[in-house]
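S.K.: Pasted the sequence and its predicted model underneath.
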Amino acid sequence: MNKPSDLRAIGVFDSGVGGLSVLRAIRQQLSNESVIYFGDQVHVPYGSRPLNQVKKYSETITRFLLDGGVKLIVVACNTASAAALHSLREKFTDVSFVGMEPAVKPAVENTRTGIVGVLATPATFQGALYASVVERFAGKVTVLQNTCRGLVQQIEQGALDSGETRAILESVLLPMLDQGIDTIVLGCTHYPFVIPLIQEIVGPDIHVIDPAPAVARQISRILYSAGRLAAGPRSITLRFFTSGEAARFEALLPKFLGETRDVREVSWKKNEIQIM
């Protein structure tokens, strides 16, 4: 079988397990929807790769999901959204895309000190999407940025509260606290999985913004407007594919989703993906 066929499903993709934070929000808000999830773990992390390379990966994954007949695609990766969302919408006009945008606007609206921190990957900070958001909404506040080097790799390993993960976050967050931040924007879909550790480091008075619930609401609005929201009760499918090792992905699902699922491996053949 070379197609993840499910005409009713939402397609979701990320460089690895980060997009599971978005999948979690989709399942909470859109419980009747089937989902096909693709984790491109053979190429993780996207954040340190050239944007043009991430764009090519995103196009290949989009074709894979469209071959399965998905009704909407979620680019559940800030780096891929920065690199490819605009071009995906131009190239694949028969399907709606929902991408990730750093939640700078709500941070600006809610900050009391006028200083917010943004945690994201290098590619996200380099993208035109992030620059546009900051230009439009952050003119009157101070935005502190950090790439949290090594954090994505820690999360990919399931090390959500390890000493090394804590050290990475403390090296980033404590200087920001000294400069007066009161709001933290998570600009990478991996990062919501370490919110408990972030909150432990910064304390309860610092607002941490997880963009996933807003993304799920946008998916709901688009499907509702198109008359394509799933109606229950019916059989709901949840299927996982990875370009990495299926066993490693399966082992992480209980930690990230609280359940076990089968994962299928795929291989890249030039610019095509084939199910193994």
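M.R.: Yep, it's here. Residues are numbered from 1 along each chain as shown.

S.K.: Surely Val266 is within a strand?
M.R.: Yes - assessed with DSSP: H, G, I helix; E, B strand; the rest coil, Val266 lies in a strand.

S.K.: Hmm, Asp67 and it touching each other?
M.R.: No - between Val266 and Asp67 there is no contact under C-beta atoms under 8 Å: 11.8 Å. (Each C-beta comes from the backbone N, C-alpha and C, glycine too.)

S.K.: Look at the two and report which has more neighbours.
M.R.: Shown here are Val266 and Asp67; by other C-beta atoms under 10 Å, Val266 has more neighbours (23 against 14).

S.K.: bridging residues for that one?
M.R.: Beta bridges link Val266 to Ile275 when assigned by DSSP bridges.

S.K.: ok, it to Ile26 distance?
M.R.: When distance is defined by C-beta to C-beta, to the nearest Å, Val266 is 21 Å away from Ile26.

S.K.: Now the helix or strand of the chain with the lowest mean pLDDT: buried residues?
M.R.: Every helix and strand of the chain was ranked by mean pLDDT, DSSP states H and E. The lowest is helix 122-126, at a mean of 89. With burial defined by 16 or more other C-beta atoms under 10 Å, the residues of helix 122-126 counted as buried are Ala123, Thr124, Phe125, Gln126.

S.K.: contacting residues around the first one?
M.R.: Spelled out, it's Ala123. Shown in contact with Ala123 (C-beta atoms under 8 Å, 6 or more residues apart in numbering): Tyr46, Gly47, Ser48, Arg49, Pro50, Leu51, Val54, Thr79, Ala82, Ala83.

S.K.: Based on its surroundings, how many neighbours for Gly260?
M.R.: You called it Gly, but residue 260 is Thr. Residues lying near Thr260 (other C-beta under 10 Å) number 10.

S.K.: quick one: pLDDT of it?
M.R.: Looking at Thr260, its pLDDT stands at 94.

S.K.: what about stretch 260-271, how long is it end to end?
M.R.: Start and end residues of stretch 260-271 are separated by 30 Å (C-alpha to C-alpha, to the nearest Å).

S.K.: Looking at the contacts of Ala123, which one is closest to Gly16?
M.R.: Top of the list for closeness to Gly16, among the contacts of Ala123 and by C-beta to C-beta, is Tyr46 at 8.5 Å.

S.K.: Can you name the element that comes right after the strand or helix carrying Val108?
M.R.: Element membership of Val108, judged by DSSP states H and E, is helix 104-110. Of the helices and strands lying after helix 104-110 in sequence (DSSP H and E), the nearest is strand 115-120.

S.K.: Hmm, Ala212 is touching Ser21, no?
M.R.: Yes - using C-beta under 8 Å, Ala212 is in contact with Ser21, at 5.0 Å.

S.K.: any residues in contact with both of these two?
M.R.: Thr189, Pro192.

S.K.: Could I get the CA-only coordinates of stretch 231-245 as CSV?
M.R.: Taking Å, rounded to 0.1, in the frame of the first residue of the first chain, the C-alpha atoms of stretch 231-245 are listed here in CSV:
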residue,chain,number,x,y,z
ALA,A,231,-20.7,14.3,12.1
GLY,A,232,-20.7,11.8,14.9
PRO,A,233,-21.1,9.2,16.0
ARG,A,234,-19.0,7.2,13.5
SER,A,235,-15.8,5.3,13.2
ILE,A,236,-12.8,7.5,13.8
THR,A,237,-9.4,6.6,12.6
LEU,A,238,-6.0,7.8,13.8
ARG,A,239,-3.1,6.8,11.7
PHE,A,240,0.6,7.5,12.1
PHE,A,241,3.5,7.5,9.6
THR,A,242,7.1,8.3,10.2
SER,A,243,10.2,8.5,7.9
GLY,A,244,12.2,7.4,10.9
GLU,A,245,11.9,4.3,13.0
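
S.K.: Since that was my last question, I'll sign off now.
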